[in-house]
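Peer 1: 3D, please:
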Amino acid sequence: MARHWTINGRFLSQPTTGVQRYAREVVRSLDALIAEQGPLVRGLEVKLHCPAGSDQMPLAFVKQSEISGTSGHVWEQTQLPLSLDGSGLLSLCNTGPLLSRKHIVCIHDANVWNAPRSYSRAFKGFYRTLLPCLGRTAWRISTVSDFSLGELVGRGVIPEHRAFVTPNGHEHALRWVPEHSAKTRLSASRATIVMIGSAAPHKNVELILDMAERLGEAGLRIAIVGMSDSRVYRSGATRAKAQNIDWLGRISDSELAALLGDSLCLAFPSLTEGFGLPALEAMAVGCPVVVSDRASLPEVCGDAALFAPPDNPEAWFDRFMQLRNSEALRKQMIAKGEARASTYTWKATALRYLEAMAEADGVDTETKVVRARELT
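Peer 2: This next block holds a predicted model:
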């Protein structure tokens, strides 16, 4: 039986953040699983439809095509569904066309409800309208953690009986080849705390920045990746004078791998997260992590992180000093982190999507799923 599916490739026209990274790696892993010709891909043809001018992915079995016309949400709601020709649709980045019924969509989190101050009024209004509509019209809805599943179900965004969990993976970080630039080499040290910078309030970077002077007195530095302009943050007199903050801006994956590998730890003090991919990436490349004890982070990190409440700077200072003062603890957390990261794989997530696609096609998956899992 011939089976036809299309992947919503709008993400290839967008800057790559965590959500787009998720989509790219799931598509890469789906392509690899198709190449293996396991039971769940027999008779399966998968296409990747994207707006004109999108990035090209190096894929062997998933055929990428540009669908000309508009762009953005308008393209997704109009041009994309018209291009499907009866095939199923897989949308991996929160949004998708409401007119598609044989549709599997990944809604990553409930942050427009959990962290409203982090988004504009227009963005919140649009997502708070679109996501529940997708929850009603899509055949299945995936999300990236049990925490996110509970939040989305609890808020009435998605029905529990049509939802399943498809986490992030770690393998992409293993492909990063550590290579310092001049600025990351100057910042990296066993006294450097790395943060992935964002002005979004729920990322809570202010907690660590407000500790800059005290951390400096203890011989510790802060390296901010992703945001290079300190003016996006509220600046107090103490922080303005802090000489131990390096604003690195956007850096390559290779630079990030080198920075994390040669620094004290990653600090991730978020108030809420759907998954928390930076923590998993840091663990995968051998960097200890100190993370918030809220939302999805205990679920994702298990016993492989040091935890602190996101409203308790004393606890964060204590965790940093524990790592600074104990090389044995640092090595222990690195080993635990690498082991923990290895349990989250893009291949397993792609396999779960293949199972859902087969179920949507009416394929009896019981034997096929067992056999496919034996092969992974």
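Peer 1: and the longest helix for this structure?
Peer 2: helix 18-36 (DSSP state H).
Peer 1: list the buried ones in that helix?
Peer 2: 18-34 (16 or more other C-beta atoms under 10 Å). For glycine as for every other residue, the C-beta is placed from the backbone atoms N, C-alpha and C.
Peer 1: from the contact counts, what lies against that helix?
Peer 2: Of the remaining helices and strands, those touching helix 18-36 by 3 or more C-beta pairs under 8 Å, 6 or more residues apart in numbering; DSSP states H and E are strand 44-51, helix 171-174, helix 277-284, helix 346-360.
Peer 1: hey, which of the ones you listed is tucked in deepest?
Peer 2: Mean neighbour count, computed with mean count of other C-beta atoms under 10 Å, is highest for helix 277-284 among these, reaching a mean of 26.
Peer 1: average pLDDT across that one?
Peer 2: With pLDDT averaged residue by residue, helix 277-284 scores 98.
Peer 1: go on, stretch 290-310?
Peer 2: In the prediction, stretch 290-310 has an average pLDDT of 98.
Peer 1: next one: stretch 109-119
Peer 2: For stretch 109-119, the mean confidence score works out to 96.
Peer 1: could you dump it to CSV, C-alpha only?
Peer 2: Taking Å, rounded to 0.1, in the frame of the first residue of the first chain, the C-alpha atoms of stretch 109-119 are listed here in CSV:
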residue,chain,number,x,y,z
ASP,A,109,4.8,24.3,25.3
ALA,A,110,2.1,26.3,26.9
ASN,A,111,4.4,29.4,27.4
VAL,A,112,1.9,31.9,26.0
TRP,A,113,-0.2,31.0,29.0
ASN,A,114,2.6,30.2,31.5
ALA,A,115,4.8,33.3,30.7
PRO,A,116,2.6,35.9,29.2
ARG,A,117,5.1,38.8,29.9
SER,A,118,7.5,37.2,27.5
TYR,A,119,5.4,37.8,24.4
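Peer 1: buried ones in that stretch?
Peer 2: 109-115, 118-119.
Peer 1: from those, which is closest to A242?
Peer 2: Out of these, the one with the shortest distance to A242 is S118. That distance is 24.5 Å, counting by C-beta to C-beta.
Peer 1: against A2, how distant is the closest one?
Peer 2: Here the distance between S118 and A2 works out to 44 Å (C-beta to C-beta, to the nearest Å).
Peer 1: and what of G261?
Peer 2: If you measure G261 against A2 using C-beta to C-beta, the figure is 47 Å.
Peer 1: more neighbours: which of those two?
Peer 2: With neighbours defined as other C-beta atoms under 10 Å, G261 and A2 compare such that G261 has more, 16 against 7.
Peer 1: what's the weakest-modelled helix or strand in this structure?
Peer 2: In the chain, no helix or strand scores lower on mean pLDDT, DSSP states H and E than helix 237-240, which sits at a mean of 43.
Peer 1: phi, psi of E255?
Peer 2: The phi and psi torsions at E255 (degrees, to the nearest 10) take the values phi -70, psi -40.
Peer 1: burial of the residue nearest to it when sequence neighbours are not counted, as a residue count?
Peer 2: Spatial nearest neighbour of E255, chain neighbours left out: T184 (4.7 Å); criterion: C-beta to C-beta, 6 or more residues apart in numbering. Burial measure for T184: 27 neighbouring residues, criterion other C-beta under 10 Å.
Peer 1: does T184 touch G261 like I think?
Peer 2: No. Assessed by C-beta atoms under 8 Å, T184 is found out of contact with G261, at 10.4 Å.
Peer 1: between these two, what contacts are shared?
Peer 2: Shared contacts of T184 and G261 (C-beta atoms under 8 Å, 6 or more residues apart in numbering): none.
Peer 1: from G150, how far off is the nearest residue to A32 once chain neighbours are set aside?
Peer 2: With C-beta to C-beta, 6+ apart as the criterion, A32 has its nearest non-adjacent residue at 7.3 Å, and that residue is K347. As defined by C-beta to C-beta, K347 lies at a distance of 25 Å from G150.
Peer 1: can you tell me the closest non-neighbouring residue to P288?
Peer 2: The spatial neighbour of P288 that comes closest, neighbours along the chain excluded (C-beta to C-beta, 6+ apart), is M333 at 4.0 Å.
Peer 1: residue contacts, that neighbour?
Peer 2: Under the criterion of C-beta under 8 Å, 6+ apart, the contact partners of M333 comprise 288-289, 304-306, 323.
Peer 1: so which of the residues you listed belong to strands?
Peer 2: For those, membership in strands holds for 289, 306, with DSSP state E as the criterion.
Peer 1: how about TSV for the contacts of M333, with neighbour count added?
Peer 2: Supplementary listing: the contacts of M333 in TSV, determined by neighbours: other C-beta atoms under 10 Å:
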residue	neighbour count
P288	25
V289	30
A304	23
A305	28
L306	21
L323	20
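Peer 1: please identify which pair of the contacts of M333 lies farthest apart.
Peer 2: A304 and L323, at 13.5 Å, using C-beta to C-beta across the contacts of M333.
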